[in-house]
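Colleague: Sequence first, predicted model second:
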Amino acid sequence: SSTELSLVFFRHAIGPIARISRSVRQPRGCALLVGVGGTGKQSLTRLSCHIADFRCFQIELVRGYGYAEFREDMKQLFLASGVEGKHTVFLFSDTQIVQERFLEDVNNVLNSGEIPSLFDLDEHERVLNDLRPGAKDAGVGQDRDSVWKYFVSRVRDHLHVVLCMSPVGDAFRNRCRMFPSLVNCCTIDWFTRWPKEALLSVAHKYFEFLDLGADEMKGKMSELCVHIHMSVSETADLFYEELRRRYYTTPTSYLELINLYMSMLMETRKELGANRDRVRNGLKKLLETNDMVANMEKQLTALKPQLAIKAEDTEKLMVQLSADQEKADEVRKVVLADEAVAKEQANETEAIAAEAQRDLDEALPALEAAYKALDSLDKSDIAEVRVFSKPPEMVMTVMEAICVLFGQKPNWENSKSLLSNSQFLNMMVDFDKDHIPDSTLKKLKKYVENPKFTPEIVERTSKACKSMCMWVRALELYAKVFRTVEPKRASLAAAQASLAETKAKLEEKQRALAEVEAQIDTLQKSYEVSVAAKAELSDKMEQTARRLERASKLTSGLADEQVRWAETVESLNTQIDDLVGNVFLGAACVAYYGAFTAHYRKALVDGWVAKCREVGVPVSEGVSPIHVLCSEFEIREWNKFNLPRDQLSTENAVVATRGRRWPLMIDPQGQANKWIRSMESKNGLKVIKLSDPNFLRTLENAIRVGTPVLLEEIGEQ
């Protein structure tokens, strides 16, 4: 098997291992191991098989396992040992005897090495055919009987039977009488109680990695385990002498004590630690609340003058803000009035400028046309006019008008002089049209009023004079318009100057208003910050006052609880300090004293407590295993479900609910039956008997889904 075995070696186990190993190593060697359950018979047998490198086989009891399945397993054993020649140990215990016929076949194997009618005809022939080559090599005859005897001989040589029986009750005695080969063909080895050294070494091994506080405590606890086991054995002997009732203490009980103690210690330590931490945290929070109340009182006292100062500052800011707002309103009124005046002046100025521009627009198109006509002239056109010795009338008229404009005497000589000037055209283009004297305009009037003095008529005589004519007429028109526009320009200039001055003053006042408004904004922000700070301070005071009120109610209401919690923490600390001994006593009670009556239980517990104090294991004063393992609430719940209220019944309930193994209850009055039915009915309790047709199915379903099962009317077998 690949299953790991957790074994602790001690000198007492050397003898059984040596005897089992010697028995199975011998040809046709078999063993009968007699001892109460849990003394190590099967474990030492498996170890001996491992030492000898033999295969160890055990039947596996499943639902419906019967005689046919048993014979099938035996058939496989015969084939493995007889045909394949594998050394095999058949480990068979009394707990696997489903039917007594199993022992009849085992008796035949021990006595003769074969089981009648185990193989049918086909299997029998197959076995003979498989063994004929080996039989021939061994010098055995090839007839059927010789080969079969050779097969049986190999089975007896390679198959070793190890029987594990318990001497308790009449079953073992009856089986030995009915099947004598169990005694005659086996080496008998009795497994007695483990000695003290063996118990001590096992305890040392189990406590090696358990946290028990100091290291020397592990030795004390190991010694205490041995003492408890030995004391229970002695009490069991006394129990039999006085009441004629057997109670067996086995190594399994001892191991159960240790395993139960370790699991209960961890669980109880965790539970008590959690309870202590919860109460201690509550106490800590209560103390913190008291400190908080004191701090809040100081804080509230300190906040009151701050709130008064903040309110006074806010009021001052409000007064200043109101005064500055009034000043700003006055400045804003003045600025608005000045803005209206400036706007009106701007409108008037724009009207004057527009009117002057309209007048100018009358003359400017003709002037621009004249200048454009001048641009079309060149020196050849001027030379064409200059060559006239006696110019035509309209040419002369045009040139005289030009002479008048240039301030010269209007005659042809002066005209030719102007025309001879290379800059004549430029002089006409650059002529100062804005400053033509009134006398010149008077002289020019007669030419302009001449009906023939038009560009169309002049063009008939000279193209160049047409452009000059247009220029003269445009200048005359422009000069007249300019005389009208000039006063308007002067008015426009004055209006613009006044407007600029007004705008400058307005901008200065606007800057002043902006400064005032910026100052007001700053004050407004300061005021808002101050109001917010005041509100925050007020809210903080109100919140602190509410917290103080609630905390005061809490601390005053929990004043008595503070004392009780402190006592509870101290009590839990004491329980945790004494946990090693208290839980051990509880585990010992659950593991051992279930079958004892109240008198023997009390004697055992008193002796164990005295031993704990003797070896130095801490236990609480007046410790009670019941209160170590359960609470008063659980006991009241049990009583509510019809558990009798006496001490013995409560102890039995603790043993039934706290043990790691299924409880077997000796219940002649039906009290336990009634209690379990009431308590587990809400959990879907299944009540079954061994005679029920659906016994195994009900049990399997309950194990699968985790529902409780009550098995009634259990007999001794």
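Modeller: Received, thanks.
Colleague: For the closest residue to residue 138 other than its chain neighbours, the count of nearby residues, please.
Modeller: In space, and not counting its chain neighbours, residue 138 is closest to residue 150: 6.7 Å by Cβ to Cβ, 6 or more residues apart in numbering. C-beta here means a position set from N, CA and C on the backbone, and glycine is covered the same way. The tally of other residues near residue 150 (other Cβ atoms under 10 Å) stands at 21.
Colleague: number of nearby residues for residue 419?
Modeller: Residue 419 has 20 nearby residues by other Cβ under 10 Å.
Colleague: quick revisit: quick one: the residue nearest to residue 138 is in a helix?
Modeller: Yes - counting by DSSP: H, G, I helix; E, B strand; the rest coil, residue 150 is found in a helix.
Colleague: contacting residues around it?
Modeller: 131, 134-135, 138, 140 (Cβ atoms under 8 Å, 6 or more residues apart in numbering).
Colleague: Can you classify residue 8 as helix, strand or coil?
Modeller: Under three-state DSSP, residue 8 falls in the coil class.
Colleague: how much space between it and residue 199?
Modeller: To residue 199, residue 8 is 10 Å away according to Cβ to Cβ, to the nearest Å.
Colleague: Give me the more crowded residue out of those two.
Modeller: residue 199 (25 against 13).
Colleague: My read is that that one contacts residue 227, right?
Modeller: No - with contacts counted by Cβ atoms under 8 Å, residue 199 stays clear of residue 227, the gap being 9.4 Å.
Colleague: Just the pLDDT at residue 133, thanks.
Modeller: As summarised for this prediction, residue 133 has a pLDDT of 86.
Colleague: Now residue 154. Its backbone dihedrals?
Modeller: Dihedral angles of residue 154 (phi, psi; degrees, to the nearest 10) stand at phi -70, psi -40.
Colleague: repeat for residue 235
Modeller: Backbone torsions for residue 235, taken as degrees, to the nearest 10, come to phi -70, psi -30.
Colleague: That one and residue 599 touch, don't they?
Modeller: No - using Cβ under 8 Å, residue 235 is not in contact with residue 599; the gap is 10.5 Å.
Colleague: Looking only at neighbour counts, state which of the two leads.
Modeller: The neighbour comparison of residue 235 against residue 599 (other Cβ under 10 Å) goes to residue 235, with 20 against 10.
Colleague: measure the more buried one to residue 594 for me?
Modeller: Note on residue 235: its distance to residue 594, by Cβ to Cβ, is 13 Å.
Colleague: repeat for residue 38
Modeller: Here residue 38 is placed at a distance of 15 Å from residue 594 (Cβ to Cβ).
Colleague: Is there a neighbour count for residue 699? I'd like the number.
Modeller: As a burial measure, residue 699 scores 16 neighbours (other Cβ under 10 Å).
Colleague: what do you get for the one 5 residues further on?
Modeller: Here the number of neighbours of residue 704 (other Cβ under 10 Å) works out to 8.
Colleague: quick one, what contacts it?
Modeller: Per Cβ under 8 Å, 6+ apart, neighbours of residue 704: none.
Colleague: Quick check: which element contains it?
Modeller: helix 695-705 (DSSP states H and E).
Colleague: State the mean pLDDT of that helix.
Modeller: pLDDT averaged over helix 695-705 gives 88.
Colleague: need the next SSE after it, C-terminal direction.
Modeller: Next along the chain after helix 695-705, taking DSSP H and E as the criterion, comes strand 709-712.
Colleague: Show the residue spans covered by the strands in the protein.
Modeller: Here the chain has its strands, by DSSP state E, at 31-34, 55-57, 88-93, 159-165, 187-190, 686-689, 709-712.
Colleague: Note down every partner strand of the fourth one and its orientation.
Modeller: For strand 159-165, the pairing partners within the sheet under DSSP bridges are strand 31-34 (parallel), strand 88-93 (parallel).
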